[in-house]
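J.: sequence and predicted structure, then a few things I'm wondering about:
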Amino acid sequence: MKTIWKYSLPDWENDILVPRNSFVSHFAIQNGVPTVWVMINSEGEEEMRHFRVVGTGHQIQKDEYNCGTTIDGSFVWHLMERIRDYRFW
């Protein structure tokens, strides 16, 4: 069944167990905590994925891509996800 799940990101770097073929639907600050909403197929096999929150101007690793941006007062935060195959860069 397709649905959207919410995951809090309490640390600057987070590993999240999600069903395969899931994708980030939204990234925002909720009650002061970075939070990501992920569209998933709840019947899929799970996999671990790595996310990192960085500020504007911070270095991005070659194996990461931006999957969301949010504004928190005067700060702008970007949600980076580590990807397995980054040859397209």
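T.: Looks like it arrived, so ask away.
J.: from now on I want contacts and neighbour counts done on CA atoms only, so please keep to that.
T.: Noted.
J.: quick one: average pLDDT of the helix or strand in which L79 is found?
T.: Following DSSP states H and E, one finds L79 within strand 75-82. Taken as a whole, strand 75-82 has an average pLDDT of 97.
J.: okay, buried residues for that strand please.
T.: Neighbour counts over strand 75-82 (16 or more other C-alpha atoms under 10 Å) mark W77, H78, L79, M80, E81, R82 as buried.
J.: ok, so of the residues you listed, who is nearest V36?
T.: Nearest to V36 among the buried residues of strand 75-82, counting by C-alpha to C-alpha, is L79 at 8.6 Å.
J.: bridged to that closest one, which residues?
T.: V53, G68 (DSSP bridges).
J.: for it, what are its contacts?
T.: The neighbourhood of L79, defined by C-alpha atoms under 8 Å, 6 or more residues apart in numbering, consists of F27, F51, R52, V53, V54, N66, C67, G68, T69.
J.: likewise S8?
T.: V33, P34, T35, V36.
J.: just the buried subset of the residues you listed, please.
T.: Applying 16+ other C-alpha under 10 Å to the contacts of S8 flags P34, T35, V36 as buried.
J.: nearest to D15 among these?
T.: V36 (12.2 Å).
J.: which stretches of the chain have low pLDDT?
T.: 84-89 (pLDDT under 70).
J.: now the strands for it?
T.: Here the chain has its strands, by DSSP state E, at 2-8, 13-19, 23-30, 33-41, 46-55, 64-72, 75-82.
J.: how far off centre is the second one?
T.: Strand 13-19 sits 8 Å away from the centroid of its parent chain (C-alpha atoms, centre = their mean, to the nearest Å).
J.: who does it pair up with?
T.: strand 46-55 (antiparallel).
J.: contacting residues around the partner strand?
T.: So strand 46-55 is in contact with 12-20, 75-82, going by C-alpha under 8 Å, 6+ apart.
J.: how much does that strand deviate in direction from strand 75-82?
T.: Strand 46-55 and strand 75-82 meet at an angle of 150 degrees, taking axes from the mean of the first three to the mean of the last three C-alpha atoms, to 10 degrees as the criterion.
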